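Undergrad: pasting the structure only:
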């Protein structure tokens, strides 16, 4: 087996943690710049340039001889890879194809490679190349639309507890599940808070006091499905959340208003991506971070400036799937649906299903 590791999936928390662990094992914890080269997304270079630089490094022996470790760190463009034969139209697709071919055909034994990022597909060349000559570590984020999502989140929590040497009662673990929902990136933060304030064996009361619940988790399940324009997932999610609600009619009202806020955020992200020439949503936080005060001035009320980097990346990634015209049209549809929910004799569920179907449909015209 070649020293090649691909750490991917949909669970960013697990991807970051496992990739750091792998790199630490390969380097022995050394921070020697000659032993470890890190390539990551930035405003200075396009993704295809980053991949090209990485490939050049893989073809270059260690400066002092022996082995070196190269890390393509936490990138968000692995899903852009294509299986199509014609890869010349998109520079990033072409660069990823060259990387996959190098790993599969001519990978050296003295260079250790770690690639970490969400979205690599088993059907595409990079994943296939890494799995054939090296090792793929895949971590799937728990899905609120699935029946066993609580069990999956529990497994992530217990894995993090074991890594930190902590002990929580089953009741405390169940409470944490309700706190984080499927936002597994919160788990490490919540556990860090517990260690700081209550030590390695906090009681249930201490957990309940320190960790605040996430009541919006159920709403994110539907907004994410709509944001992905996945109609099958949308209708499955609606069935799941309304089927388990004691008051489904009022829940629909909350869902529609949450979607209105969600699509407003998508539109705000779309505006900034257009104005500042951001090609990929994952690059938006870095671009905004480097804005001058004059550049930022006209957009100080944009909602993206109130978001953390992880939240902004998720929102901007969803915004990529819609044109600006479609986002404006979706907000108008949501406003109309909100009026119907309080004035129409139609069932709230029917209004919600019709609304989401119209938003997800392609080629929407305002």
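TA: Received the coordinates, thanks. Note that the structure is a prediction, hence the values are computed from the model and not measured.
Undergrad: where does this structure have low pLDDT?
TA: Applying pLDDT under 70 to the chain flags residues 29-34, 63-65, 83-89, 144-145, 212-219, 244-247, 363-366.
Undergrad: in space, what's closest to residue 143 - neighbours in sequence excluded?
TA: Nearest non-adjacent residue to residue 143, counting by Cβ to Cβ, 6 or more residues apart in numbering: residue 149, 5.8 Å away. Heads up, the C-betas are built off the backbone N, CA and C, glycines and all.
Undergrad: need the contact list for that neighbour.
TA: With contacts defined as Cβ atoms under 8 Å, 6 or more residues apart in numbering, residue 149 is in contact with 142-143, 182.
Undergrad: remind me, longest helix of this structure?
TA: Taking DSSP state H as the criterion, the chain has its longest helix at helix 248-275.
Undergrad: and the next helix or strand after that one, what other elements does it pack with?
TA: With elements assigned by DSSP states H and E, the helix or strand that comes after helix 248-275 is helix 284-289. On a contact count with 3 or more Cβ pairs under 8 Å, 6 or more residues apart in numbering; DSSP states H and E, helix 284-289 meets helix 248-275, helix 309-319.
Undergrad: if you count neighbours, what's buried in helix 284-289?
TA: 284-288 (16 or more other Cβ atoms under 10 Å).
Undergrad: and stretch 296-315, by the same measure?
TA: 299, 302-304, 307, 312-315.
Undergrad: next one: stretch 221-234
TA: Neighbour-count burial for stretch 221-234 [16+ other Cβ under 10 Å]: 221-227, 229, 233-234.
Undergrad: first-to-last residue distance for it?
TA: End-to-end span of stretch 221-234 (Cα to Cα, to the nearest Å): 9 Å.
Undergrad: and the contacts of that stretch?
TA: For stretch 221-234, the external contacting residues (Cβ under 8 Å, 6+ apart) are 143-145, 182, 236-238, 240-241, 255, 258-259, 262, 266, 318, 321-322, 356-357, 359-362.
Undergrad: show me which residues of the host helix or strand of residue 99 are buried.
TA: Using DSSP H and E, residue 99 sits in helix 91-106. Buried residues in helix 91-106, counting neighbours by 16+ other Cβ under 10 Å, are found at 92-100, 102-104.
Undergrad: got the residues you listed as TSV, with distance to residue 69 columns?
TA: Shown next, in TSV, are the buried residues of helix 91-106 (distance: Cβ to Cβ, whole Å):
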residue	distance to residue 69
92	24
93	26
94	26
95	21
96	21
97	24
98	21
99	16
100	20
102	17
103	15
104	20
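Undergrad: quickly name whichever of those residues is closest to residue 136.
TA: residue 103 (11.6 Å; Cβ to Cβ).
Undergrad: report the contact partners of the closest one.
TA: By Cβ under 8 Å, 6+ apart, the residues touching residue 103 are 2, 4, 113, 126, 129-130, 133-134.
Undergrad: thinking again about what came up before, for residue 199, find the nearest of the helices and strands packed on helix 284-289.
TA: helix 309-319 (27.8 Å).
Undergrad: so which elements touch that closest one?
TA: Secondary-structure packing of helix 309-319 (3+ Cβ pairs under 8 Å, 6+ apart): helix 248-275, helix 284-289.
Undergrad: turn those into CSV, columns for distance to residue 333.
TA: Formatted as CSV, these follow (distance: least, Cβ to Cβ, whole Å):
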stretch, distance to residue 333
helix 248-275, 9
helix 284-289, 25
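Undergrad: quick one, which of those gets closest to residue 67.
TA: Closest among the helices and strands packed on helix 309-319, using Cβ to Cβ: helix 284-289, at 30.8 Å.
Undergrad: next SSE downstream of the closest one?
TA: Per DSSP H and E, the first helix or strand lying C-terminal to helix 284-289 is helix 293-296.
Undergrad: hang on, the earlier thing: how about the longest helix of the chain, which residues are buried there?
TA: Neighbour counts over helix 248-275 (16+ other Cβ under 10 Å) mark 248, 251-253, 255-256, 258-260, 262-263, 265-273 as buried.
Undergrad: quick one, it and helix 309-319 angle?
TA: 90 degrees (axes from the mean of the first three to the mean of the last three Cα atoms, to 10 degrees).
Undergrad: please shift the residue numbers so they start at 24 in all later answers.
TA: Taking 24 as the first residue, the last one we looked at is helix 271-298.
Undergrad: and helix 271-298, what does it pack against?
TA: Packed against helix 271-298 by the contact rule (3+ Cβ pairs under 8 Å, 6+ apart) you find helix 240-250, helix 254-266, helix 307-312, helix 332-342, helix 347-366, helix 371-383.
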